[in-house]
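K.L.:
Here you go, sequence then predicted model.
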Amino acid sequence: VGQQLRDAGVQEFAAQATSLPRLRHLDLASAGYADNQIFDGGLRALADCDWFPQLETLGLSGLAVGGAVPRALARATGLRTLGASNTGLTAEAIQFVSAMPAWRSLQSAVLSSNPLGDDGAEFLAAAAAATLPGVLTLRACEIGEAGLRALGDAPAVQALDLRFNPIPASAWEQALAEQRLPRAQALAASAQGWNEELIDAITRHYPRVDLMRPASADGP
């Protein structure tokens, strides 16, 4: 993580590291000490390695590899944890990814800060695998009213994070009235523009709730 890795170096490593029988967790996130500059070519080279299918954890956050994520998940069939925030992952890529065998095995997927939009939410809800990761993080994914409506019909999850999405309070009120709120044991959401009645209703609906509320003019 954050070790100033470059795409050419990763591709050279992939060409030489033909056997890594004990490797289960690989995190290349561009964060921490120094940015990593890894792109689609580097991730595709890694995905073609003989050891790639044995991975259980794959961290790609902050890398411009969204176009290669489908190839990676097609190979990492036993993946349990995927960190793919801010990778340029599109709604169309999610449509492919959510139909793959690896999607069914995921226990946690962090897809934040990708331009998934309402189409991405709809693809997730209608995944051919008919399942979602137990912990699904969709923070700042440009999901709006239509996306929330789609997620109301999605398979149940343990925890769902929808913070920093432009979902109006009226969409939450409508979903509540129609009993089409996303099914989850824990929900995180931005409560911008919510009245106290809506906050109380959502809080009662979910066993665990984390509502991000705007700071009061009188203080925190």
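P.N.:
Good, I have the coordinates. Numbering: from 1, shown residues only.
K.L.:
Return the residues in contact with residue 147.
P.N.:
Applying Cβ atoms under 8 Å, 6 or more residues apart in numbering to residue 147 gives the contacts 117-118, 120-122, 165, 167. Where C-beta positions appear, they are placed from N, C-alpha and C, glycine not excepted.
K.L.:
could you redo the last one with a cut-off of 7 Å?
P.N.:
117-118, 121-122 (Cβ atoms under 7 Å, 6 or more residues apart in numbering).
K.L.:
lowest confidence element among the helices and strands of the chain?
P.N.:
Lowest on mean pLDDT, DSSP states H and E among the helices and strands of the chain sits helix 101-105, with a mean of 91.
K.L.:
Following element in sequence after that one, please.
P.N.:
Scanning forward in sequence from helix 101-105 by DSSP states H and E, the next helix or strand is strand 108-110.
K.L.:
what are the pairing partners of that next one, and which direction each?
P.N.:
Sheet pairing for strand 108-110, assigned by DSSP bridges, gives strand 81-83 (parallel), strand 135-137 (parallel).
K.L.:
Can you add distance to residue 37 and mean neighbour count and give these back as JSON lines?
P.N.:
Shown next, in JSON lines, are the strands paired with strand 108-110 (distance: least, Cβ to Cβ, whole Å; neighbours: other Cβ atoms under 10 Å):
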{"stretch": "strand 81-83", "distance to residue 37": "17", "mean neighbour count": "22"}
{"stretch": "strand 135-137", "distance to residue 37": "24", "mean neighbour count": "21"}
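K.L.:
quick one: low-confidence parts of this structure?
P.N.:
215-220 (pLDDT under 70).
K.L.:
I would like the residues contacting the least confident helix or strand of the chain, please.
P.N.:
Applying Cβ under 7 Å, 6+ apart, the external contacts of helix 101-105 come out as 73, 76-80, 97, 127, 129, 131.
K.L.:
follow-up on the earlier one: I'd like the strands paired with strand 108-110 as TSV, with distance to residue 13 appended.
P.N.:
Listed next are these as TSV, based on distance: least, Cβ to Cβ, whole Å:
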stretch	distance to residue 13
strand 81-83	20
strand 135-137	29
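K.L.:
Let me know which of those is the nearest to residue 9.
P.N.:
strand 81-83 (20.5 Å; Cβ to Cβ).
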